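Asker: could you look at this predicted model? Sequence included:
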Amino acid sequence: MEATVEVTGLRKRYGPTTALDGMTFTVRPGQVTGFVGPNGAGKSTTMRVILGLDTPDEGTALIGGQPYRNLRNPLNHIGALLDAAALQPGRTARNHLLWLAHSQGLGARRVDDVIEQAGLGPVAGRRTAGFSLGMRQRLGIAAALLGDPPVIMLDEPFNGLDPEGIVWMRDFQRALAAQGRAVLLSSHLMSELQDTADHLVVVGRGRVIADTGVRELIGAASGDRVTLRTSARSEAMTALAYAGATVAATDRDTLTVSGLTAEHVVTLLGESGVPFSEVSAHRATLEEAYMELTRDAVEFRAAAAEEPAR
Ligand SMILES: Nc1ncnc2c1ncn2[C@@H]1O[C@H](COP(=O)(O)OP(=O)(O)OP(=O)(O)O)[C@@H](O)[C@H]1O
């Protein structure tokens, strides 16, 4: 049941605004792909184009090789959670799902399956009017899973969830990817993506800035800086500089070392008989890596906002 989503050369203008400017990326099966970028970068527009809710001026978005409009039973190909608030308040959760299933020619048995998968059992008979945002998100996910699709797309699924809901959502997405599904997840919460996504598509100004593994991105942003705590600062500086490292004193007993790995620093100090109490490699967070990548896109927007009105 594996399928990819292939977005190629999407362009879209709304009047004077360029929303998409050559957006190109692939969402692969068996992975959670995080879709991130500053406000207005074109994430929602891309998701709407994938779902056939918006037409691009140029380019294609294919789900398992087909544009959305050509899919015979769309729910069997792609499930999406775009707006958790779009519910008929008078219906119970179960009736909402039954209605959706019926409209797509799916049986009631699938409804019971997805109620269980989304952990909605205890509230399935309650009217959705009183649902918390967390329950609405679960209901949206249950709806997205009705057709057992190989592709799942979620727009900001962590929004408004409490800590327990966040853990549930994260584990659930990992489980969907482990089943071989392609999961595309837009989020502004880098801390959540760090623990959830395998891959990251970073966008800015309507195009892709980076398309990379989460681990690789963090590795690249971490650089090769090592923090060293020692009571023999000048001996350590001499030994490390001699080995070709760049060394800067950051505190009375702390040095920042570039150009050597932490292992190398430990070996070198040991061989030189220089005492030290701590050696640690700097590891960037996904948040830091992301800020670095998107700085230009955000600066562009901030500068545009400051331009005087004409
Ligand atoms: N229907 C529309 N009419 C006019 N402009 C639009 C429309 N939809 C999107 N835009 C503009 O296109 C650009 C891209 O918007 P989009 O909502 O896709 O970005 P986004 O990355 O999802 O942002 P956010 O993170 O804020 O949700 C923005 O400048 C937005 O104002």
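Answerer: Thanks, I have it.

Asker: could you pull out the helices in the stretch 1-150 of the chain for me?
Answerer: 43-50, 93-103, 108-117, 133-145 (DSSP state H, counting those that start in this stretch).

Asker: just send the ones you listed back as a markdown table, with mean neighbour count and distance to the ligand too.
Answerer: C-beta coordinates here come from the backbone N, C-alpha and C atoms, glycine included. Shown next, in a markdown table, are those (neighbours: other C-beta atoms under 10 Å; distance: least, C-beta to the nearest ligand atom, whole Å):
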| stretch | mean neighbour count | distance to the ligand |
| --- | --- | --- |
| helix 43-50 | 22 | 3 |
| helix 93-103 | 18 | 25 |
| helix 108-117 | 17 | 27 |
| helix 133-145 | 22 | 17 |
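
Asker: how about those in TSV, adding mean pLDDT?
Answerer: Listed next are those as TSV, based on pLDDT from 0 to 100:
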stretch	mean pLDDT
helix 43-50	95
helix 93-103	90
helix 108-117	91
helix 133-145	89
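
Asker: make CSV out of the ones you listed and add distance to residue 237.
Answerer: Compiled in CSV, the helices of the stretch 1-150 of the chain are given as follows (distance: least, C-beta to C-beta, whole Å):
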stretch, distance to residue 237
helix 43-50, 47
helix 93-103, 65
helix 108-117, 58
helix 133-145, 53
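
Asker: nearest to residue 152, of those helices?
Answerer: helix 133-145 (5.9 Å; C-beta to C-beta).

Asker: just checking, next helix/strand downstream of the closest one?
Answerer: Later in the chain than helix 133-145, the nearest helix or strand by DSSP states H and E is strand 151-155.

Asker: helices or strands up against that next one?
Answerer: helix 43-50, strand 78-81, helix 133-145, helix 163-178, strand 182-186 (3 or more C-beta pairs under 8 Å, 6 or more residues apart in numbering; DSSP states H and E).

Asker: in CSV: the ones you listed, plus distance to residue 122.
Answerer: Listed next are these as CSV, based on distance: least, C-beta to C-beta, whole Å:
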stretch, distance to residue 122
helix 43-50, 31
strand 78-81, 21
helix 133-145, 10
helix 163-178, 14
strand 182-186, 26
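
Asker: for those, which one sits closest to residue 217?
Answerer: strand 182-186 (15.6 Å).

Asker: would you put the C-alpha positions of that closest one in PDB?
Answerer: Taking Å, rounded to 0.1, in the frame of the first residue of the first chain, the C-alpha atoms of strand 182-186 are listed here in PDB:
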ATOM      1  CA  ALA A 182       3.900   8.500   3.900                       C
ATOM      2  CA  VAL A 183       3.200  11.100   6.600                       C
ATOM      3  CA  LEU A 184       3.500  14.800   5.800                       C
ATOM      4  CA  LEU A 185       3.200  17.000   8.800                       C
ATOM      5  CA  SER A 186       3.300  20.800   8.900                       C
END
